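Trainee: pasted the sequence and its predicted model underneath.
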Number of protein chains: 2
Amino acid sequence: MRTPTDAQLRYLIAALEHSTWAEASAVCGVSASAFSQGLAALESRLGLPLFEARGRSRVPTDHAQAIARHGERILAELARLDDYATEARDGRRGVLRAGMIDTAAIHHFGESLVRYRRARPDVELRLTVAPSAELIDAVVAGDLDFAIVVAPEPSDELSIDVVLDEPLRIYPPPGTADGIDRDPARWGPWVTFPSGSRTRQIIRSALSRSGAHFDVVAESSQPAVLREMVRLGMGWTVLSAVDAETEPHALVALPGEPLALRTLATIRRPTAPMGKTTQALLDDLG
Amino acid sequence: MRTPTDAQLRYLIAALEHSTWAEASAVCGVSASAFSQGLAALESRLGLPLFEARGRSRVPTDHAQAIARHGERILAELARLDDYATEARDGRRGVLRAGMIDTAAIHHFGESLVRYRRARPDVELRLTVAPSAELIDAVVAGDLDFAIVVAPEPSDELSIDVVLDEPLRIYPPPGTADGIDRDPARWGPWVTFPSGSRTRQIIRSALSRSGAHFDVVAESSQPAVLREMVRLGMGWTVLSAVDAETEPHALVALPGEPLALRTLATIRRPTAPMGKTTQALLDDLG
DNA sequence: ACAATAGTTCAGTGTTGCTTCACAACAAGC
DNA sequence: GCTTGTTGTGAAGCAACACTGAACTATTGT
């Protein structure tokens, strides 16, 4: 014995709400014949009489009432599922697992995130802030829908879209003699990101291109910590301007061109379809 | 866009519960092919990605989880409907609208009714106690599933099954002279049922066959009232033994054969299918 | 390289739900 | 009575659907 169709339950409810089946079938948008057959099928599936012949019309049995109540609940649940699907389809509902490096989350896209939360309160936004390498692993593993990281090498496992290039500038400790920027050989020593860091690689190669030594005396993955160490005179650093030049205790960069550009990119797994929740945030970032 | 099938929801839930689809499809009792197609159909109906290719297995998306929860509720409601149907099919659940004349309800079938309520607590038993004519109308109108009444004339609108014949005996007031039973001409006057009553017709024709006058000095539809009037000496009556001879204040019948037999029968509308709830009570009465 | 595993695609099949048309039962009119 | 309109049912045909079995692709383990 098969389970009742949602159409059949709709027929039953309509039959109880209207005095005549012709009327009810019209409301359901099917022919009177289909309506009649549908109710007959429902009766046989349930194994219960739902209507009783009385003259030329049908009178519902007590079972019909009880079953219609069950039917209403079932249809209500189906409608809730449909509502969910509709909201999820256009990204008003769902889960969005985002990853960002700290600079992106705080300085570049903080506002976007706030806007997004306000615009889509039913989206469960889970933000992971971590270094690029960690975020890349998480994206590849499928633990994140996307991440904004320092652009990695192209790879089959990632689709990469550049979102912005930010300047990395050199920040000497306060009180460093003027004119020293002319002679890279006298730069340093350095406080910078830990050795696994992608930004550290960029810095190291840029410095070596400039002819500077890269002798590291202190490490931290936190820009704020590096800035403070420079302020205390422990050494020089290279940071993005937004990290170094924010109050309190803003640093002052060596004048001239930036040492290098750091490219930030969104990364996603190319095999995973992009959900509308993700889409919407990425659109806003661009 | 059509609504999801219950089978498709079952597939989704199974897919989330088992590590491999082959296993899940086996649990659902369908081929891996049908399973895969079913989930694909569900995805397209909802317009949402439910699974994501990862190596050679599929990983559910966040939507899949949420939708499965909705699906569980829908299936639970369907199961409740099915439970209702199962119980209703074998008469453990539903409504039973019964009618009985007072004598039947109190003396003949009171025990049956009590037994029935105890055996089938989920059946909503609605008992109407009224005179035969009224019950017959109610049955014909479809307001009662069946009734036990004084057997009426055969009719197209009723199916009639005799359940018992009960003796109607003559009850004189206390202190009536012995030997008077030999002379029907000296019987009476009478207190008896109102003129519309079926039992009164039986009594009148039986008395006239015996050669007695049928002069009525008081009427009531309630046997207990008639009995009391006889006890107070207002006149004679004819009652079924169970009504007249119960304590307190039992009457004593004229000796000899009963005046007449009153036939009680169950009546039903022949066009209405007999439900199991009705069936069960009628079986018990027999 | 090879076989085993996981899931998909394809063609074919039976069932279902629908439509249209014809029909039976009934009520109300003349 | 006869006719007419209404209400619901049955039959034939059709399109959609869910299923199966077999061939197929892609991934993983050895």
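Mentor: Received the coordinates, thanks.
Trainee: alpha carbons only for contacts and neighbour counts from here, please
Mentor: Noted.
Trainee: give me the phi and psi for the residue of the stretch 51-200 of chain A found nearest DNA strand D.
Mentor: Scanning the stretch 51-200 of chain A for proximity to DNA strand D using Cα to the nearest atom of the strand identifies A:Ser57 as nearest, at 4.1 Å. As for A:Ser57, its main-chain torsions (degrees, to the nearest 10) stand at phi -130, psi 170.
Trainee: quick one: the strands in the stretch 51-200 of chain A, in order.
Mentor: A:51-54, A:57-60, A:94-100, A:123-129, A:146-150, A:159-171, A:190-192 (DSSP state E, counting those that start in this stretch).
Trainee: who touches the first one?
Mentor: Same thing as strand A:51-54. By Cα atoms under 8 Å, 6 or more residues apart in numbering or on different chains, the surrounding residues in contact with strand A:51-54 are A:Arg58, A:Val59, A:Pro60, A:Thr61, A:Ala64, B:Thr271, B:Ala272, B:Pro273.
Trainee: need the contact list for the closest residue to A:Pro270 other than its chain neighbours.
Mentor: Spatially, and ignoring its direct neighbours in sequence, A:Pro270 is nearest to A:Ser159 (5.3 Å; Cα to Cα, 6 or more residues apart in numbering or on different chains). By Cα under 8 Å, 6+ apart, A:Ser159 lies in contact with A:Ile267, A:Arg268, A:Arg269, A:Pro270.
Trainee: isn't the first one up against A:Val149?
Mentor: Yes. The criterion here is Cα atoms under 8 Å, and A:Ile267 meets it with A:Val149 at 7.4 Å.
Trainee: which of those two has more neighbours?
Mentor: A:Val149 (29 against 26; other Cα atoms under 10 Å in any protein chain shown).
Trainee: quick one: common contacting residues for A:Ile267 and A:Val149?
Mentor: A:Ile136.
Trainee: neighbours around A:Gly70, how many?
Mentor: Gly isn't right for residue A:70; it's His. Neighbours around A:His70, by other Cα under 10 Å: 20.
Trainee: shaky segments in the stretch 1-150 of chain A?
Mentor: A:1 (pLDDT under 70).
Trainee: quick one, domains of chain A?
Mentor: A:6-89, A:94-164+A:264-285, A:166-261 (automatic domain parsing).
Trainee: for those, which one sits closest to DNA strand C?
Mentor: domain A:6-89 (3.6 Å).
Trainee: tell me the buried residues in stretch A:191-205?
Mentor: For stretch A:191-205, the neighbour count (16 or more other Cα atoms under 10 Å in any protein chain shown) marks A:Val191, A:Thr192, A:Phe193, A:Pro194, A:Ser197, A:Arg198, A:Thr199, A:Arg200, A:Ile202, A:Ile203, A:Arg204 as buried.
Trainee: could these go into JSON lines alongside pLDDT and distance to chain B?
Mentor: As requested, the buried residues of stretch A:191-205 are exported to JSON lines (pLDDT from 0 to 100; distance: Cα to the nearest Cα, whole Å):
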{"residue": "A:Val191", "pLDDT": "95", "distance to chain B": "41"}
{"residue": "A:Thr192", "pLDDT": "96", "distance to chain B": "37"}
{"residue": "A:Phe193", "pLDDT": "95", "distance to chain B": "34"}
{"residue": "A:Pro194", "pLDDT": "94", "distance to chain B": "32"}
{"residue": "A:Ser197", "pLDDT": "92", "distance to chain B": "28"}
{"residue": "A:Arg198", "pLDDT": "92", "distance to chain B": "27"}
{"residue": "A:Thr199", "pLDDT": "94", "distance to chain B": "30"}
{"residue": "A:Arg200", "pLDDT": "95", "distance to chain B": "32"}
{"residue": "A:Ile202", "pLDDT": "94", "distance to chain B": "32"}
{"residue": "A:Ile203", "pLDDT": "94", "distance to chain B": "36"}
{"residue": "A:Arg204", "pLDDT": "94", "distance to chain B": "36"}
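Trainee: stretch A:22-38 near chain B anywhere?
Mentor: No. Stretch A:22-38 does not reach chain B (Cα under 8 Å from any Cα of the partner chain); its nearest approach is 14.6 Å.
Trainee: in that stretch, what counts as buried?
Mentor: So stretch A:22-38, judged by 16+ other Cα under 10 Å, has buried residues A:Ala22, A:Ala24, A:Ser25, A:Cys28, A:Ala32, A:Phe35, A:Ser36, A:Gly38.
Trainee: the residue of the stretch 151-286 of chain A found nearest DNA strand D: what's it in contact with?
Mentor: Here the residue of the stretch 151-286 of chain A nearest DNA strand D is A:Thr271; by Cα to the nearest atom of the strand that distance is 9.1 Å. Counting by Cα under 8 Å, 6+ apart, A:Thr271 makes contact with B:Glu52, B:Ala53.
Trainee: picking up where we left off before, counting neighbours, which of the contacts of strand A:51-54 end up buried?
Mentor: Among these, the ones that count as buried (16+ other Cα under 10 Å) are A:Val59, A:Pro60, A:Ala64.
Trainee: and the first one, how far from A:Phe51?
Mentor: Spelled out, that is A:Val59. 5 Å (Cα to Cα, to the nearest Å).
Trainee: for chain A, longest helix please?
Mentor: In chain A, assigned by DSSP state H, the helix with the most residues is helix A:62-89.
Trainee: what helices or strands is that helix leaning on?
Mentor: The contact analysis (3 or more Cα pairs under 8 Å, 6 or more residues apart in numbering or on different chains; DSSP states H and E) places helix A:62-89 against helix A:6-17, helix B:32-46, helix B:62-89, strand B:94-100.
Trainee: possible to save the domains of chain A as TSV with distance to B:Leu75?
Mentor: What follows is those, written out as TSV (distance: least, Cα to Cα, whole Å):
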stretch	distance to B:Leu75
domain A:6-89	8
domain A:94-164+A:264-285	22
domain A:166-261	51
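Trainee: can I get these in TSV with distance to DNA strand C?
Mentor: TSV is the format used below for those (distance: least, Cα to the nearest atom of the strand, whole Å):
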stretch	distance to DNA strand C
domain A:6-89	4
domain A:94-164+A:264-285	13
domain A:166-261	33
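Trainee: and of those domains, who's closest to B:His70?
Mentor: Nearest to B:His70 among the domains of chain A is domain A:6-89; the distance by Cα to Cα comes to 5.9 Å.
Trainee: straight-line length of that closest one, end to end?
Mentor: First-to-last residue span, domain A:6-89, Cα to Cα: 23 Å.
Trainee: any idea what sits nearest A:Val242, other than its immediate chain neighbours?
Mentor: A:His107 is the one closest to A:Val242 (Cα to Cα, 6+ apart), at 6.6 Å.
Trainee: in chain A, what residue is nearest DNA strand D?
Mentor: A:Trp21 (3.4 Å).
Trainee: what about that residue, distance to A:Val149?
Mentor: 64 Å.
Trainee: which strand or helix spans A:Leu264?
Mentor: strand A:260-268 (DSSP states H and E).
Trainee: residues contacting A:Ser25?
Mentor: Contacts of A:Ser25 by Cα under 8 Å, 6+ apart are A:Tyr11, A:Ala14, A:Ala15, A:Ser31, A:Ala32, A:Phe35.
Trainee: mind listing what the last one touches?
Mentor: With contacts taken as Cα under 8 Å, 6+ apart, A:Phe35 has the following neighbours: A:Tyr11, A:Trp21, A:Ser25.
Trainee: what would those look like in TSV with distance to A:Trp236?
Mentor: Listed next are the contacts of A:Phe35 as TSV, based on distance: Cα to Cα, whole Å:
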residue	distance to A:Trp236
A:Tyr11	78
A:Trp21	86
A:Ser25	81
